[in-house]
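Undergrad: Please work out how this folds:
(chains A, B and C)
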Amino acid sequence: MITLSIKTSKRTQAINITSQIAHAVRGKEGNVLQAYTPHTTCGLIINEQADPDVISDIMEALDRMVPAVYPYKHVEGNSDAHIKSTLTGCSVSIPLSGGAMKLGTWQGIFFMEFDGPRERKVVLTIT
Amino acid sequence: MITLSIKTSKRTQAINITSQIAHAVRGKEGNVLQAYTPHTTCGLIINEQADPDVISDIMEALDRMVPAVYPYKHVEGNSDAHIKSTLTGCSVSIPLSGGAMKLGTWQGIFFMEFDGPRERKVVLTIT
Amino acid sequence: MITLSIKTSKRTQAINITSQIAHAVRGKEGNVLQAYTPHTTCGLIINEQADPDVISDIMEALDRMVPAVYPYKHVEGNSDAHIKSTLTGCSVSIPLSGGAMKLGTWQGIFFMEFDGPRERKVVLTIT
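TA: Reported below is the predicted structural model:
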């Protein structure tokens, strides 16, 4: 189990953590890499990393689907972040071979902050 | 493979199954636990278990995003449940170490019933 | 690692790939099968395969949640496909036993094309 630390700087923010993960698992044995974030107001997704407009469109679509201001029951003011976390999930799994992730040509791994800024963790486990 | 049985009592209902899963996997060897539900009108998610208002906000947000009444093609009247199941997914994977799930401080595992009441199963597999 | 090829024929299209996957993994050792698609404008889901109206309702619900036409930033005209891919995810994991997937009675595995027609790949990895 390898733990990465991620520091976010805005309330909602997508951070490309592909290189950080690739570096951490380089040369490791195993067939599937799981990246898991042990928090409830952020998420992990895999999507295009070539054009940053893509992840921006994704974040803004989640904002439209899940309004920040709404008569939610939870009084901490971050129910939208918990709901977005439900839609993205808190883990992704990627095939691994020879210690390298078998991501597609355009794929990158993004940490999705929905209630920052915070200090976050991502745990990597290989099976 | 360990199979848990879950009995739901309402049409839509979130049931915290964290303790049940923790008990079932206690002391087992392996690095990742998969919880999988073999049904198509429910889901599994990981989110905050401290304040029950959070999971309530999540369930109600799914209700707003996927209306129960709509001119769906499927005639059984539960298309909304199939769609919600697509949004949550039917499995979650959690890092495991020394037979204990490495959930975050606030994380719990919830069985999301979208078309109950029913008798449901959750299958646990460790790799 | 086994790679399947899938040819889609429409812009949005759900293709049942359950039999193709079952055939590919038949008799293989291991406990969990991961199906992973290395693209960013499609997804993989598990849902009902008995009545084709269900998957049709799911696809149309995604269409309503994520409009194809909107002032997105990404200029390729397929931001909706990237967003839908985020909602479904690009992988599913299924318990495996004796080389057979332990899918539920009604469950099938669907390749969800959101920006076709294209030639796509699905990579199968067993752990």
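Undergrad: Show me what from chain A comes close to chain B.
TA: A:1, A:32, A:34, A:36-40, A:65-66, A:72-76, A:79, A:82-83, A:85-87, A:89-91, A:93, A:121, A:123, A:125-127 (Cβ under 8 Å from any Cβ of the partner chain). Every C-beta, even on glycine, is put in place using the N, C-alpha and C of the backbone.
Undergrad: In chain A, what residue comes closest to chain B?
TA: residue A:38 (2.8 Å; Cβ to the nearest Cβ).
Undergrad: Backbone torsions only: list them for that residue.
TA: Torsion angles at residue A:38 (phi, psi; degrees, to the nearest 10) stand at phi -90, psi 40.
Undergrad: Is it correct that it is in contact with residue B:104?
TA: Yes - with contact defined as Cβ atoms under 8 Å, residue A:38 reaches residue B:104; the gap is 2.8 Å.
Undergrad: Find residues that contact each of the two.
TA: Residues touching both residue A:38 and residue B:104 (Cβ atoms under 8 Å, 6 or more residues apart in numbering or on different chains): residue A:121.
Undergrad: Next, whichever residue of chain A sits closest to chain C: secondary structure please.
TA: Nearest residue of chain A to chain C (Cβ to the nearest Cβ) works out as residue A:104 at 2.8 Å. Assigned with DSSP: H, G, I helix; E, B strand; the rest coil, residue A:104 falls in the coil class.
Undergrad: likewise the one 4 residues further on?
TA: Under three-state DSSP, the three-state class of residue A:108 is strand.
Undergrad: and it, what pLDDT?
TA: Residue A:108 is assigned a pLDDT of 98 by the prediction.
Undergrad: Equivalent analysis for residue A:67, please.
TA: At residue A:67, pLDDT is 97.
Undergrad: angle of the strand or helix carrying residue A:33 against strand B:32-36?
TA: Using DSSP states H and E, residue A:33 sits within strand A:32-36. Angle, strand A:32-36 to strand B:32-36, by axes from the mean of the first three to the mean of the last three Cα atoms, to 10 degrees: 80 degrees.
Undergrad: quick check, strand A:32-36 touching chain C?
TA: Yes - using Cβ under 8 Å from any Cβ, strand A:32-36 reaches chain C at residue A:32.
Undergrad: quick one: average confidence on the helix or strand following that strand?
TA: Later in the chain than strand A:32-36, the nearest helix or strand by DSSP H and E is strand A:42-48. Strand A:42-48 shows a mean pLDDT of 98.
Undergrad: just the strands in chain A please.
TA: A:2-7, A:13-16, A:32-36, A:42-48, A:91-97, A:100-101, A:107-113, A:119-126 (DSSP state E).
Undergrad: so can I have JSON lines of the ones you listed showing mean neighbour count?
TA: Below are those laid out as JSON lines (neighbours: other Cβ atoms under 10 Å in any protein chain shown):
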{"stretch": "strand A:2-7", "mean neighbour count": "14"}
{"stretch": "strand A:13-16", "mean neighbour count": "18"}
{"stretch": "strand A:32-36", "mean neighbour count": "26"}
{"stretch": "strand A:42-48", "mean neighbour count": "25"}
{"stretch": "strand A:91-97", "mean neighbour count": "22"}
{"stretch": "strand A:100-101", "mean neighbour count": "16"}
{"stretch": "strand A:107-113", "mean neighbour count": "24"}
{"stretch": "strand A:119-126", "mean neighbour count": "18"}
